[in-house]
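K.L.:
what's the 3D shape of this:
(2 chains)
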2 protein chains.
Amino acid sequence: MTEAELLGDVPIRPGSGADAPPGCGPLAPPSPRNPKPLRQSVFEHVRAQGRAARADIARALSVSAASVTALTAELIALGLLREVGGAPLEGREAGRGRPPVALEIVPEGRHVAGIKLAEERHSAALADFGGRILADAIRPTAPGRRSLAEAVDEVAALVAALRERAPHAPPQAVGIGLSGLVDHATGEVAWSPLLEGSALPFRAACEDRLGLPVHIDNDAHVLTLAELWFGAGRAISDFAVVTIEHGVGMGLVLDGRLFRGTRGMGLELGHTKVALDGALCRCGRRGCLEAYLADYALVREASTALGRSLRAPQTPQAVLETLYAEAKRGHEAARAIFARAGRYLALGLSNVVQVFDPALVILSGERMRYDFLYAEEVMAEMRALALPSGREPARVEVHAWGDLVWAQGAVALALGAVTDETLGRAP
Amino acid sequence: MTEAELLGDVPIRPGSGADAPPGCGPLAPPSPRNPKPLRQSVFEHVRAQGRAARADIARALSVSAASVTALTAELIALGLLREVGGAPLEGREAGRGRPPVALEIVPEGRHVAGIKLAEERHSAALADFGGRILADAIRPTAPGRRSLAEAVDEVAALVAALRERAPHAPPQAVGIGLSGLVDHATGEVAWSPLLEGSALPFRAACEDRLGLPVHIDNDAHVLTLAELWFGAGRAISDFAVVTIEHGVGMGLVLDGRLFRGTRGMGLELGHTKVALDGALCRCGRRGCLEAYLADYALVREASTALGRSLRAPQTPQAVLETLYAEAKRGHEAARAIFARAGRYLALGLSNVVQVFDPALVILSGERMRYDFLYAEEVMAEMRALALPSGREPARVEVHAWGDLVWAQGAVALALGAVTDETLGRAP
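P.N.:
Numbers count the residues shown, from 1 in each chain, chains lettered A, B, ... in the order given. From the prediction side, this is the model:
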């Protein structure tokens, strides 16, 4: 009998597995160094796959068939998983040749909202427990910084729009991603280009206003969660995400988990220094990678390059579009601006490869449509800058997702918290 | 009864703990995402502490008293731990007010050698299973690269010297640290400044010669293991180690474990780029941090600064000593060389803080005695370069250990492997 047949057909009784260990030793509680219990890994694997047979779960997590049988039984009893794709388990006669019963998340009953706050437009999505998007909302925003109270108003308006579009599915938690130094653990925003002031109690203010649990994180982190839950993470457990938008952000997945830095404030790739006493960054320091690569870095050189073309005041976005169009037409100075940005991108990526040694680097963000940034010369320079390790160089993929993928990452942030809470509370 | 009294006095019977869970669910095997079983964490905690009472272990690992009682009983039965500091457990009468029984590693019966290969001298140490050094050997070496066969000869000579000094304690495994791109998993050296050629099967060659299991790693990694096992790791579970010797190396401990990069080749801080088209590095690329900071970077500017003082050819080390003496005497150009190196060190450290957000950065290596490198201005510049997070800045400590600490790290590498093998094989 194959393992798949075994898993598809055996009745589910916790502890009945043939390879359960003999005796009855005490089951150790998870130590702080092993924070993810196996039951949660099983649940998350099913969510990542959409549907999964028990044999596939056992293979993917290197867990015994008996353990998967027991753990999925617990998750079914808790109302978190259900069987699909076969006859109901109870009372079913054993038969050969049937497709194995698959498991899926029970999507109803728990819903979350995900919000990404950004410079040009905010986006929001409402999802069920399986991560399926039920409604979304995108709102243009005024440029510049806003007060904490104004930002909370914007969050509340987005949640209200989602409620209106899906009145049957009120969210039980809200995830929010925004750029800046965002402390996921404490819910404080130390600094953000979107907000006035510093050390802002952003999560608490949103919770007060919404009457719901709120979880906040850096926007590059929520985009990385989107990849971990719904994208690259389905295939590999270690990868880096580099985002280029108004700034340069980064997220890192190690061993299937988002790495947030020891104190929750790490991975500020955009503010690593690539020159001593270099170009001025909007953070106030000099030589940050971002100061050579972000849109404001290109825009401030554009007036030099395009002097005569820029007659009337323009928005930075319009200047960038003009610069890009000129570069494509062969304007030398415009091309030189993008070429240098591309070389600094190569330098930044080679540094990511040098310190983290990821198997895959995903380039993401709106700016990815400026294809100079991932032109073959940029990739070649990145590979040339990294030390030769005798292995295949790190793979680089460009993911030019739309706005909603950020909101989907914020959904994953909230879903993760609701899952932890549900599984942590359950016996 | 306090927890300490409870743990000190209850007889050890696996599964007898009052808070063992009811029922007898199957004990899941460790998944690949939770690679360190709790029994191993208990064992390593005792080794790190030297001696530890069961109550202290329970507190440190956030594990129930009953679990610690059961796990330590297994480790005692395997002959790996023993009790000290109280009457023997069996047949002892319960009494109040006695000091709780502590546990320690059984040091005899298993011994390992640790070797650090370096540019000026190799060092080696022989240790028992508790990590205590029983013998050591330091050998001056010829400068420059050597063939694989010559390096294996040097390793064999060091092991022979240790055997001679401690004939009662033959090593069962050997750990070796050396600079370069060293793949711990495959045992290959992709590139090393000590060795001729590339993609060298260094581990296999040493195993063939010695007839013993050999484990190899980057030298900064073995120094980090020394800190993890015998130094800073006793107090905290997340820290970075930056080494400045002939090159610039780095090790990172995340969650109590050495991070080796996704493919075992990460953390090449010395070859992160801090300038586009910058100074030439010995790796052949331009702009590496190391090219501004390592001894060869200072020496090549020394002839410009000290032109008339350098009459006869000198070793790089002698040039560096002269340069340092001149700088201390107030020689402007000599000071300028060290001052720039210090600023680049600040830049490199701020990048480490920016991407990893460690609670502690340890600066280590021979060069730490040039105190300009950790002068207050360097630390101030490092703090000024990092984004303000609203928290205490990362703590920086300087550990100017001697040669043997590297060998001790190689001992830890071998001890870890022997421990894994022993605990993995045991029922």
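K.L.:
how many neighbours does the closest residue in space to A:G287 that isn't next to it in sequence have?
P.N.:
Nearest non-adjacent residue to A:G287, counting by Cβ to Cβ, 6 or more residues apart in numbering or on different chains: A:G278, 3.1 Å away. C-betas here are computed from N, CA, C, even on glycine. When neighbours are defined as other Cβ atoms under 10 Å in any protein chain shown, A:G278 has 19 of them.
K.L.:
Pass me the low-pLDDT residue ranges in the stretch 151-300 of chain A, would you?
P.N.:
A:263-266 (pLDDT under 70).
K.L.:
Near chain B, which residues of it are found?
P.N.:
Residues of the stretch 151-300 of chain A that fall close to chain B, judged by Cβ under 8 Å from any Cβ of the partner chain: A:181, A:183, A:188, A:190-191, A:198-199, A:237-238, A:250, A:254-257, A:259-269, A:271-276, A:283, A:285, A:287.
K.L.:
now the strands: where do they sit in the stretch 51-200 of chain A?
P.N.:
A:52-53, A:81-84, A:102-105, A:111-116, A:121-128, A:133-140, A:173-178, A:181-183, A:188-191 (DSSP state E, counting those that start in this stretch).
K.L.:
in the host helix or strand of A:G348, what's buried?
P.N.:
Per DSSP states H and E: A:G348 is located in helix A:332-356. Buried residues in helix A:332-356, counted by 16 or more other Cβ atoms under 10 Å in any protein chain shown: A:334-335, A:337-356.
K.L.:
And stretch A:54-69, by the same measure?
P.N.:
A:54-58, A:60-61, A:63-69.
K.L.:
Which of those fall in helices?
P.N.:
Counting by DSSP state H, the part of those found in helices is A:54-58, A:60-61, A:65-69.
K.L.:
just curious, which of these is nearest to A:L363?
P.N.:
A:A60 (27.1 Å; Cβ to Cβ).
K.L.:
show me the contacts for that closest one.
P.N.:
Counting by Cβ atoms under 8 Å, 6 or more residues apart in numbering or on different chains, A:A60 touches A:45, A:52.
K.L.:
And the pLDDT for it?
P.N.:
As predicted, A:A60 sits at a pLDDT of 83.
K.L.:
One more: A:G17?
P.N.:
Model confidence at A:G17 (pLDDT) stands at 30.
K.L.:
Would you quantify the distance from A:A124 to B:N218?
P.N.:
Separation of A:A124 from B:N218 (Cβ to Cβ, to the nearest Å): 46 Å.
K.L.:
meant to ask about A:H45
P.N.:
The value you get for A:H45 to B:N218, if Cβ to Cβ is used, is 33 Å.
K.L.:
A:I105 now?
P.N.:
On the measure of Cβ to Cβ, A:I105 and B:N218 end up 43 Å apart.
K.L.:
These two: who's more crowded?
P.N.:
B:N218 (28 against 24).
K.L.:
check contacts around that one.
P.N.:
B:177-182, B:184, B:249, B:251, B:267.
K.L.:
Using PDB, write down the CA coordinates of stretch A:196-209.
P.N.:
Taking Å, rounded to 0.1, in the frame of the first residue of the first chain, the C-alpha atoms of stretch A:196-209 are listed here in PDB:
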ATOM      1  CA  GLU A 196       4.400  63.900  10.800                       C
ATOM      2  CA  GLY A 197       6.400  63.400  14.000                       C
ATOM      3  CA  SER A 198       8.200  60.400  15.400                       C
ATOM      4  CA  ALA A 199       7.600  57.600  17.900                       C
ATOM      5  CA  LEU A 200       3.900  57.500  17.000                       C
ATOM      6  CA  PRO A 201       1.500  55.000  18.700                       C
ATOM      7  CA  PHE A 202       0.000  54.100  15.400                       C
ATOM      8  CA  ARG A 203      -1.400  50.700  16.200                       C
ATOM      9  CA  ALA A 204      -3.000  51.800  19.400                       C
ATOM     10  CA  ALA A 205      -4.600  54.800  17.700                       C
ATOM     11  CA  CYS A 206      -6.100  52.600  15.000                       C
ATOM     12  CA  GLU A 207      -7.300  50.000  17.500                       C
ATOM     13  CA  ASP A 208      -9.000  52.800  19.500                       C
ATOM     14  CA  ARG A 209     -10.700  54.100  16.400                       C
END
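K.L.:
what's in contact with that stretch?
P.N.:
With Cβ under 8 Å, 6+ apart, stretch A:196-209 has contacts from A:145-149, A:151-152, A:155-156, A:174, A:176, A:182, A:186-192, A:195, A:213-216, B:388, B:390.
K.L.:
try 6 Å this time
P.N.:
Stretch A:196-209 is touched from outside by A:145, A:147-148, A:152, A:155-156, A:187-191, A:214, A:216, B:390, with contacts defined as Cβ atoms under 6 Å, 6 or more residues apart in numbering or on different chains.
K.L.:
Which of the ones in helices among the buried residues of stretch A:54-69 scores worst on pLDDT?
P.N.:
The lowest pLDDT within these belongs to A:L61, with 80.
K.L.:
Look up how far A:A52 lies from it.
P.N.:
With Cβ to Cβ as the criterion, A:L61 and A:A52 are 10 Å apart.
K.L.:
so what sits against both of these two?
P.N.:
Going by Cβ under 6 Å, 6+ apart, no residue sits against A:L61 while also sitting against A:A52.
K.L.:
What is the helix or strand containing A:A407 packed up against?
P.N.:
Element membership for A:A407, per DSSP H and E: helix A:404-425. Counting contacts by 3 or more Cβ pairs under 6 Å, 6 or more residues apart in numbering or on different chains; DSSP states H and E, helix A:404-425 is packed against strand A:111-116, strand A:121-128, strand A:173-178, strand A:214-218, helix A:219-230.
K.L.:
between these, which gets nearest to A:L415?
P.N.:
strand A:111-116 (5.5 Å).
K.L.:
And the contacts of that closest one?
P.N.:
A:123-128, A:158-159, A:162, A:169, A:171, A:173-177, A:406-407, A:410-411, A:414-415.
K.L.:
Mind listing the strands that strand pairs with, and their directions?
P.N.:
strand A:121-128 (antiparallel), strand A:173-178 (parallel) (DSSP bridges).
K.L.:
among the helices and strands packed on helix A:404-425, which is the most enclosed?
P.N.:
strand A:111-116 (a mean of 30; mean count of other Cβ atoms under 10 Å in any protein chain shown).
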